[in-house]
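A.B. asks: I would like the atomic coordinates for the input below:
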Amino acid sequence: MTTARRPHVVAFDVMETLFPLTPLEWRFREAGVPRVLMHRWFAHVLRDAFALTAAGDYRPFGDLARGALQDITGHQVSAAAVESIVQALASLDVRPDADAAVRRIRDAEVRVVALTNSSEENARSLLDRAGLAVHMEHVLSAGKLRRFKPAPEPYHYAAEVCEVEPDRMAMVTCHAWDVHGAHRAGLVTGWSDHLEGRFPSVFAAPDVTGRGLVPVATDLLELPD
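C.D. replies: Numbers count the residues shown, from 1 in each chain. Take a look at the predicted model:
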């Protein structure tokens with residue numbers, strides 16, 4: 001088994017890792033949709049993204065978000081309400097520990113990028129609003145490849161753009177499926193438990209685990225060089 005090494009570049013996932021979906025709850029209420037459906041909706045979006053990639057097909061992330069919302073509500077929500085919810089994905093609030101985690105990595109002179117399944121435009125909007133974009137060397141979207149994570153191509157693309165070998169790039173995420181995909185692509189992996197709580201046994205274990213983003217960032221920097 002290869003020992004994980006201190007990364008030269010750290011890639012952060014965006015949706016739910018840096019930006020929780022919680023602010024969307026009032027948008028759901030406003031549209032007459034029970035807020036309990038919010039996480040079911042996003043899981044539906046990811047399911048469709050994964051299925052299309054596995055089948056060799058592609059639809060833009062925004063289209064998947066709109067379609068999934070109509071599906072889970074039985075097509076009972078107006079087009080305007082659907083658009084309001086989807087557009088709100090670009091104005092989520094950042095996690096309170098995100099800035100400290102990113103700064104800790106940057107202060108250690110390790111490069112930082114974002115790697116997301118959402119659109120580059122959406123991710124840039126979020127990162128700009130949160131003041132994190134200034135720390136990001138690149139904002140990379142899997143959509144450019146028409147292949148969503150956890151397929152290997154987005155991870156390899158990120159390493160290529162940053163001109164590092166995959167094993168010198170780390171993926172920081174709160175999604176176990178993202179950890180598994182990054183691991184299979186040869187990246188170092190860091191998992192924050194703030195969304196899922198317990199890591200599923202069916203996936204490759206993360207190299208670093210933390211109760212939040214700052215411990216993950218700290219432990220990645222303490223890996224042997």
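A.B. asks: just give the closest residue to residue 91, not the sequence neighbours.
C.D. replies: Take residue 91 and drop its neighbours on the chain: the residue closest to it by Cβ to Cβ, 6 or more residues apart in numbering is residue 129, 6.7 Å away. All C-beta atoms are positioned from the backbone trio N, CA, C, and that covers glycine.
A.B. asks: let me see the confidence value for that neighbour.
C.D. replies: Turning to residue 129, the model gives it a pLDDT of 97.
A.B. asks: give me the neighbour count for it.
C.D. replies: 15 (other Cβ atoms under 10 Å).
A.B. asks: surely it is in contact with residue 122?
C.D. replies: No: between residue 129 and residue 122 there is no contact, the gap being 11.1 Å when judged by Cβ atoms under 8 Å.
A.B. asks: domain ranges for the protein?
C.D. replies: For the chain, the domain assignment from automatic domain parsing gives the residue ranges 9-20+92-221, 22-89.
A.B. asks: least confident of these, on average?
C.D. replies: The weakest mean pLDDT among those belongs to domain 22-89, with a mean of 93.
A.B. asks: A strand includes residue 191, no?
C.D. replies: Yes: per DSSP: H, G, I helix; E, B strand; the rest coil, residue 191 lies within a strand segment.
A.B. asks: what sits opposite it in the beta ladder?
C.D. replies: On the basis of DSSP bridges, residue 191 is bridged to residue 173, residue 209.
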